[in-house]
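Chemist: Build me a model from this:
(2 chains)
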Amino acid sequence: MTYIAKPGLHHPTLPKNALCYTRRDYEGKVSTLCAGCGHDSISAAIIQACWELAIEPHRLAKLSGIGCSSKTPDYFLGNSHGFNTVHGRMPSVLTGANLANRELLYLGVSGDGDSASIGIGQFVHAIRRGVNMVYIVENNGVYGLTKGQFSATADQGSVSKRGVVNTDNPIDMVGLALQLGASFVARSFSGDKQQLVPLIKAAIAHRGAAFIDVISPCVAFNNHAGSTKSYDYVREHNEAVNRLDVISAREAIGVDYAEGELAEVRQHDGSVLRLRKLHADYDPGDRIAAMNYVHAHQVRGEIVTGLLYLDPDPHDLHEHLNTVATPFNALGAEALCPGAATLEQINASLR
Amino acid sequence: MQPTDIRVPDYFHKVVDCQWACPAHTPVPEYIRLIAAGRYSDAYLANWVSNVFPGILGRTCDRPCEPACRRVRVEENNGEKPEPVAICRLKRVAADFKDDIRARLPKPAARKNGKRIACVGAGPASLTVARDLAPLGYHVTVFEADAKAGGFMRTQVPRFRLPEAVIDEEVGYVLGLGVEFCGGSRIDSMKALLAEGYDAVFVGCGAPRGRDLDLPGRREAAAHIHIGIDWLASVYFGHVASVGRRVIVLGGGNTAMDCCRSAKRLGGEDVKVIVRSGFEEMKASPWEKEDAMHEGIPILNYLVPKTFEHVDGRLVGMSFEKVRAEHDAQGRRRLVPTGEPDAFFECDDVLVAVGQENAFPWIERDLGIAFDQGGMPVVDQSTLQSTLPHVLFGGDAAFGPKNIIWAVAHGHEAAVSIDRMLNGEDPRERPAPTTRLISQKMGIHEWSYDNAVSADGRYKVPWAPAEKTLKSVKVEVELGFDAETAFKEAQRCLNCDVQTVFSREACIECDACVDICPMDCITFTKNGEEAELRTRLHAPALNLAQDLYVSGELKTGRVMVKDEDVCLHCGLCAERCPTGAWDMRKFVIEMTHAGPGCRDRAARKDAA
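Modeler: The predicted structure follows:
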């Protein structure tokens, strides 16, 4: 490893956001992933999205598990909170952190191994509980750190770099998320930042479980003919159902599309999601239809991308549990540990 | 846009801003790397090949390279004041720290080719012609009115900026190539010179006449009014050893700066520079103005000289009209009187440094050498030939006062013209320079150049203490960088000659280069017309002087567009490229100098 650190110099015209930060201020350390890794593009998209939203770095916590994907939080948002959990245990640590302090933004970054194999039990429960988070799976279909064995999301019939055909059925993370009640579900491609950046912005603005499956080619082990997660394959089979623009509450909303092409959804924070339909028959407000659509197209070998499902009125774990709004760290010892007498009282009420 | 053809020699040459800006096209990044490696002799020779006088230029060059330096654009909005790499002073480092390089210089030609060349004047232009032609077997005779060679460099540039030993050494290298030097022989008649049957005559006699100011009182007070360049020469020859206590220097060029600083050392206590127009418009290099002001010499502007005031034939002062600058609708600047009373400054001596003129009273007008109305010879811009083809002009003699590095560049071109002409080839055809691209890849993330970008600001050259330097006109002011500082300054160089070379066939459009590029130089987008394309790149490409590098169409129908403007040449695009579609390749350009390389290809083949 003789990577030089990315020079601190930036373009003289590099713009600043409302907080007077440049995009470069949202970067982390230089990536140690293989050259050309799709994950690096996702990191760049996260940096861009957070800069555009003018997120205060100390207001965001990034959590990850183990794997190539889970290394990436080191490479973006170098001034934010971070937690690298045991393999596959990111969702539960994130859930705990969220329960303790709902005032932070939670960004879970995971991979197909971390979330679809060892951590699938954690993944499904975090989604079904409606934890307010952005959950990004950097999905490349292989175990890159262990030299390219098929992961649980590899398509049946796809071929490994060494010519072995995958016989197992794949786990469809989008299908799981839809079925388990995620209130924001999207799929995108690391090679298409124009699509990915607005999706990440919308997911951050969303108050509920937001899941984004990002297909991210592994250049070292899964970017050959016969792979269904290569740059070429994804570009050829990508079926984007819509294009998303996120318009912050501060910006004026102009109309430049014909009626019927456009769907606008106002978010809780006042921002507006403007969806330009690319497929007239696709309705991202209908969960059951979305599930059918994604599966029908998947059978045809197409990869459906875009904002697949959005519940404009989401609910989250705190609402379900009726928890106190104040973060634990602001409650004080007395409120957090009210003493034996209070415990006695509670116990008595349950007898 | 059409895909960029990187085989055109100019394309990558322009990316090396300093080398492109240098009239002699000195390979700046190459010699700076050699300095960083401690290879001072190699760095010196890389310079010597291009600009003949590295030690002299390392102290006195007008440095067209430095304003062009990419570092200036890169440092903009990145901290303190943007500053170029101290290219000129690094050149001096190579000269200061080199070993004895005499054995590595060309040898005098073993066999003469029978052709005789006369050079008039022994300044940088003539000496360059001599250096280029003598080793090829030409018999070059240099005529000089003064006893020693060097011209303006020796007689006008003051010793506190350029020690005589440096001139002796570098002029000596040229004269040591078997050049015949006739010192103390002024050429008074071109006709007589031509009659001696030279195969070519090169006129490099400079612009020797200082412009005068014909104002009331000029004649009466003449004893204390001096023409700047003549006065500087008198100082050099020791004819002038002191000056009045109060001195006014008129003029805003580098000669004025040399005059005022010399006066300060010869007894001038109250020395001031007075210029007609604004401070910013002065012709002097910014650093020379700074050096003068640093020595306590004020520069007063917007004062138009009106009269020399005198009492009983003795100069007592000068009066000036106060003006201000006004711009008309066309943006032209005019100096308009403010209407305030005239300013009067007392003085004992005035040095007039308001420009230089060419003078060719010694060239008869019936020889077929045409002159224009301004009295300047009609000279071909590329061949430097006059209308009498075997008489060539170069340096200040050709197009009026410029500087040493331009004189050197003219010398090279004139030598090519002479060499082609005397080999029966058309000097108007100029063979293109040869170029090479050499990959710098050593390993997965290893390059044969230091690709880490230094964040340091420009280092200052240390000065000898003022109490010492201001006492004598002969004590050199600048001490030059020490080796350690030179290394740090050298590391500020961005290695712009190590080019980012893109190969469309290998690219898989993974965006890795776009994501890593610290300067947002790279964009993958739909092609378009240049003006429109420049507006929709990752970072807008506003500097129209810098090219866009455009690839052919990629698989997705897009093209790669790289704005060369602020590229750091850090090689991260190539490090992050999984397929080697980006490579860092050193661009080597060999300018066409006199010799077999400047001849027609067919003729060269025949010779072989």
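
Chemist: is it true that residue A:215 touches residue A:188?
Modeler: Yes: counting by C-beta atoms under 8 Å, residue A:188 is a contact partner of residue A:215 at 7.4 Å. Where C-beta positions appear, they are placed from N, C-alpha and C, glycine not excepted.

Chemist: if I look at the two, which residues touch both of them?
Modeler: Counting by C-beta atoms under 8 Å, 6 or more residues apart in numbering or on different chains, the residues touching both residue A:215 and residue A:188 are residue A:305.

Chemist: which ones are touching the residue of the stretch 201-350 of chain A found nearest chain B?
Modeler: Closest contact between the stretch 201-350 of chain A and chain B, by C-beta to the nearest C-beta, is at residue A:219 (4.4 Å). Counting by C-beta under 8 Å, 6+ apart, residue A:219 touches A:34-38, B:508, B:510, B:578.

Chemist: taking those residues one by one, which sit in helices?
Modeler: Using DSSP state H, residue A:38 are the members of the contacts of residue A:219 that sit in helices.

Chemist: remind me which residues of the chain are low pLDDT?
Modeler: No chain specified, so I'll use chain A. A:1-2, A:249-261 (pLDDT under 70).

Chemist: My question was about chain B, not that one.
Modeler: Applying pLDDT under 70 to chain B flags residues B:602-608.

Chemist: domain parsing for it?
Modeler: Using automatic domain parsing, the domain parsing of chain B gives B:116-208+B:358-421, B:211-356.

Chemist: Looking at the ones you listed, which one is packed in the most?
Modeler: Ranked by mean neighbour count, these are led by domain B:116-208+B:358-421 with a mean of 21 (mean count of other C-beta atoms under 10 Å in any protein chain shown).

Chemist: Pull the distance from that one to the chain's centre.
Modeler: On the basis of C-alpha atoms, centre = their mean, to the nearest Å, domain B:116-208+B:358-421 sits 18 Å off its chain's mean C-alpha point.

Chemist: Stretch A:124-144 now?
Modeler: From the chain centre to the centre of stretch A:124-144 is a distance of 7 Å (C-alpha atoms, centre = their mean).

Chemist: cool, stretch A:226-234 as well?
Modeler: Distance of stretch A:226-234 from the chain centroid (C-alpha atoms, centre = their mean) equals 21 Å.

Chemist: and that stretch, how far apart are its ends?
Modeler: In terms of C-alpha to C-alpha, to the nearest Å, the two terminal residues of stretch A:226-234 are separated by 12 Å.

Chemist: how about it: buried residues?
Modeler: A:226-234 (16 or more other C-beta atoms under 10 Å in any protein chain shown).

Chemist: ok and the residue in chain B nearest chain A?
Modeler: Relative to chain A, the nearest point of chain B is residue B:578 (2.8 Å; C-beta to the nearest C-beta).

Chemist: what about the nearest residue to that residue once chain neighbours are set aside, how many residues close to it?
Modeler: Using C-beta to C-beta, 6 or more residues apart in numbering or on different chains and skipping the chain neighbours, the partner closest in space to residue B:578 is residue A:36 (2.8 Å). Residue A:36 has 24 neighbours, counted by other C-beta atoms under 10 Å in any protein chain shown.

Chemist: which residues touch residue A:36?
Modeler: Residues counted as contacts of residue A:36 (C-beta under 8 Å, 6+ apart) are A:219, B:508, B:510, B:512, B:576-579.

Chemist: Relative to residue B:406, which of the residues you listed is nearest.
Modeler: Using C-beta to C-beta, residue B:577 comes nearest to residue B:406 of the contacts of residue A:36, at 41.1 Å.

Chemist: The closest one touches residue B:513, doesn't it?
Modeler: Yes: between residue B:577 and residue B:513 a contact is recorded at 5.9 Å, counting by C-beta under 8 Å.

Chemist: more crowded one of these two?
Modeler: Per other C-beta under 10 Å, whichever of residue B:577 and residue B:513 has more neighbours is residue B:513, with 26 against 23.

Chemist: Identify the residues contacting the more buried one.
Modeler: Residue B:513 is in contact with B:522, B:572-574, B:576-577, B:582, counting by C-beta under 8 Å, 6+ apart.

Chemist: distance between the helix or strand where it lies and the chain's centre?
Modeler: Assigning secondary structure by DSSP states H and E places residue B:513 in helix B:512-516. On the basis of C-alpha atoms, centre = their mean, helix B:512-516 is displaced by 37 Å from the centre of the chain it belongs to.
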